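> Next come a sequence and a model predicted from it.
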Amino acid sequence: MLRRGVLVLLALALALPACGRKTMPKPPQLVAPKPVQEISLATQKNGILIRWSRPTEYADGSSMEDLGGFIVERNRYNSKFEEIARVPVTDQGRFQKAKRFDYVDSQLLEGATYHYRVVAYTTDGYYSAPSDAGEITWSPPSAPAPSPDPDDPTP
């Protein structure tokens, strides 16, 4: 009976070092992604192109490997920002990761001024602060003038 008790204690002693946390826990605000730093806006024939760079660090400055995606937000005429799209990140575990992401907003009113910002989030559901907002007024590019017909005799 004593021998069995010694074996149980020995098994517990060997198992205990494998249990528990390996690092100190971090507060949620430190494991959120750093905010998106670069956002650019451009007019295209089918909408407004929003392009941004990938954050690579958590708020505490450590390297981030679990970026889950982005939320693109828009407001018009300084109203409340609203989510218009979610852009997932699908390159987790890949050696080469995308450095830039983009989205085309095609639900626009001509002559309206829009503000856009982007929020990054991790696969665990921690969200960054919003990026700085970019502003653009939607005016679809005008169609190019038709080329003159070389067979038309009128000038």
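All right, it came through fine.

> Tell me, how many residues neighbour residue 114?
The tally of other residues near residue 114 (other CB atoms under 10 Å) stands at 21. (C-beta placed from N, C-alpha, C; glycine too.)

> for the one 10 residues further on, same thing?
Burial of residue 124, expressed as a neighbour count using other CB under 10 Å, amounts to 10.

> From what I see, residue 116 and residue 51 are in contact.
No: under the criterion of CB atoms under 8 Å, residue 116 makes no contact with residue 51, lying 10.2 Å away.

> between those two, what contacts are shared?
Shared contacts of residue 116 and residue 51, defined by CB atoms under 8 Å, 6 or more residues apart in numbering, are found at 39, 41.

> So these two - more neighbours on which side?
Shown here are residue 116 and residue 51; by other CB under 10 Å, residue 116 has more neighbours (23 against 16).

> so who does residue 79 touch?
Residue 79 neighbours (CB under 8 Å, 6+ apart): none.

> Secondary structure element holding it?
Of the helices and strands defined by DSSP states H and E, none includes residue 79.

> now residue 108
Assigned by DSSP H and E, residue 108 belongs to no helix or strand.

> Grab the nearest non-local neighbour of it.
On the basis of CB to CB, 6 or more residues apart in numbering, the spatially nearest residue to residue 108 that is not a chain neighbour turns out to be residue 138, at 4.4 Å.

> Correct me if wrong: that neighbour contacts residue 115.
No: at 11.9 Å, residue 138 does not count as touching residue 115 under the criterion of CB under 8 Å.
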